[in-house]
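A.B. asks: Quick one: sequence plus predicted model below, questions after.
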Amino acid sequence: MADQMDAVALLKADHRKVEDLFEQFEKASGDGRKEKIAKQICLELSVHATIEEEIFYPACEGKVDEDLLKESYVEHDGAKLLIAEILKGGPDDEFYDSKVKVLSEEIEHHVQEEEKRMEGLFAQARKAGLDMEALGDQLTSRKTELTEKFTADGIPMPTLTTMDQVEV
Ligand SMILES: [Fe+2]
Ligand SMILES: [Fe+2]
């Protein structure tokens, strides 16, 4: 279909959307408004991390720098810890705004690692010849499914992929 986005276009569009939401959060005043935007950020990031980890990252396995790919999973888990905190807490948490801010900084770094020219994850994946059209279709349908589910049932507490050394 002509209007289908390829995998990288879809994932980059998600990044832009969440960057915009972080900006809105910074400017927002009023607890209700802030909480609404923070929840939207958590929804977008939860869906995005899930589709990357279920579909895009596994497709990159063996085709991109292994260390970079492993770091991507760990960075996701770092973000998930903050997402869980933000979901459980609310604007009456004295660290609420700080958690959202630090999450935005972590995401900014992670997005750079994915989008960097030449050596970024997406550039490496494209160079390796991944079928971005087919992956785009898979990402799109899973994204729709998860967004509907998380909107209807609430955003689930994130599950960590790489962190199993300590009980927290
Ligand atoms: Fe991403
Ligand atoms: Fe990612």
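C.D. replies: Looks like it came in fine. Numbering: from 1, shown residues only. Ligands and ions are numbered 1, 2, ... in the order given.

A.B. asks: from here on, contacts and neighbour counts on C-alpha atoms
C.D. replies: OK.

A.B. asks: How much space separates Val102 from Leu139?
C.D. replies: Shown here: Val102 relative to Leu139, a distance of 27 Å by Cα to Cα, to the nearest Å.

A.B. asks: who has more neighbours, those two?
C.D. replies: More neighbours sit around Leu139 than around the other of Val102 and Leu139, counting by other Cα atoms under 10 Å; the figures are 25 against 13.

A.B. asks: Which secondary structure state is assigned to the more buried one?
C.D. replies: Three-state assignment for Leu139 (DSSP: H, G, I helix; E, B strand; the rest coil): helix.

A.B. asks: thinking it is in contact with Ala7, fair?
C.D. replies: Yes: taking Cα atoms under 8 Å as the contact criterion, Leu139 and Ala7 are neighbours in contact, 6.9 Å apart.

A.B. asks: Could you tell me which residues touch both of those two?
C.D. replies: By Cα atoms under 8 Å, 6 or more residues apart in numbering, Leu139 and Ala7 have these common neighbours: Phe56.

A.B. asks: which residue ranges form the helices in the protein?
C.D. replies: Taking DSSP state H as the test, the helices found in the chain are 7-27, 31-51, 57-60, 66-88, 96-115, 121-127, 132-153.

A.B. asks: nearest spatial neighbour of Lys55, skipping sequence neighbours?
C.D. replies: Check again: residue 55 is Ile, not Lys. In space, Ile55 comes closest to Leu139 once its chain neighbours are excluded; the distance is 6.8 Å by Cα to Cα, 6 or more residues apart in numbering.

A.B. asks: In contact with that neighbour, which residues?
C.D. replies: When contacts are taken as Cα under 8 Å, 6+ apart, Leu139 is in contact with 7, 10, 51-52, 55-56.

A.B. asks: Taking those, tell me the two that lie furthest apart.
C.D. replies: Looking at the contacts of Leu139 by Cα to Cα, the two members farthest from one another are Leu10 and Ile55, with 12.8 Å of separation.

A.B. asks: quick one: low-confidence parts of this protein?
C.D. replies: Scanning the chain for pLDDT under 70 picks out 1-3, 168.

A.B. asks: how about a cut-off of 80?
C.D. replies: Low-confidence segments of the chain, defined by pLDDT under 80, are located at 1-3, 167-168.

A.B. asks: quick one: contacts for Ser104?
C.D. replies: If a contact means Cα under 8 Å, 6+ apart, then Ser104 has 19, 22 as its contacts.
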